[in-house]
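Peer 1: Output the structure for:
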Amino acid sequence: MEKPFIVSSPDVMGGTPVFAGTRVPVQTLLEYLEGDRSIKDFLEEFPTVTREQVVAFLEEAKELMIETVS
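Peer 2: Okay, here's the model as predicted:
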């Protein structure tokens, strides 16, 4: 079983989905991208999040969108 890259627990940020092992909400990444900032900017600002976590999240989001539209 793969280690989760996103977790949600009432004990961490009140259940807000965060990158595993951090207190960084996934929503923060989305806001960076919406604000025309790069993944590099995000990773520099939040060094506890790995590039692998970001890529895994984006890949999962892409697959879910493709499934939803198909």
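Peer 1: Identify the single longest helix in the protein, thanks.
Peer 2: If you go by DSSP state H, the chain has its longest helix at helix 51-69.
Peer 1: The most centrally placed residue in the chain and residue 16, how far apart?
Peer 2: For the chain, the residue nearest the mean C-alpha position is residue 26 (3.8 Å; C-alpha atoms, centre = their mean). Look at residue 26 and residue 16: by C-beta to C-beta, to the nearest Å, they are 8 Å apart. No exception for glycine: its C-beta is placed from N, CA and C like everyone else's.
Peer 1: Then residue 8?
Peer 2: Distance, residue 8 to residue 16, using C-beta to C-beta: 7 Å.
Peer 1: Same check on residue 33?
Peer 2: 18 Å.
Peer 1: The chain: helices as residue ranges?
Peer 2: With helices called from DSSP H, the chain shows them at 26-34, 39-45, 51-69.
Peer 1: Can you say which of these is packed in most?
Peer 2: helix 26-34 (a mean of 15; mean count of other C-beta atoms under 10 Å).
Peer 1: so who does the closest residue to residue 41 other than its chain neighbours touch?
Peer 2: Excluding the flanking residues, the one nearest residue 41 by C-beta to C-beta, 6 or more residues apart in numbering is residue 32, at 6.3 Å. With contact taken as C-beta atoms under 8 Å, 6 or more residues apart in numbering, residue 32 is in contact with 38, 39, 41, 42, 45.
Peer 1: For residue 8, see how far away residue 26 is.
Peer 2: Going from residue 26 to residue 8 by C-beta to C-beta gives 9 Å.
Peer 1: what do those two both touch?
Peer 2: Counting by C-beta under 8 Å, 6+ apart, the common neighbours of residue 26 and residue 8 are 17, 18.
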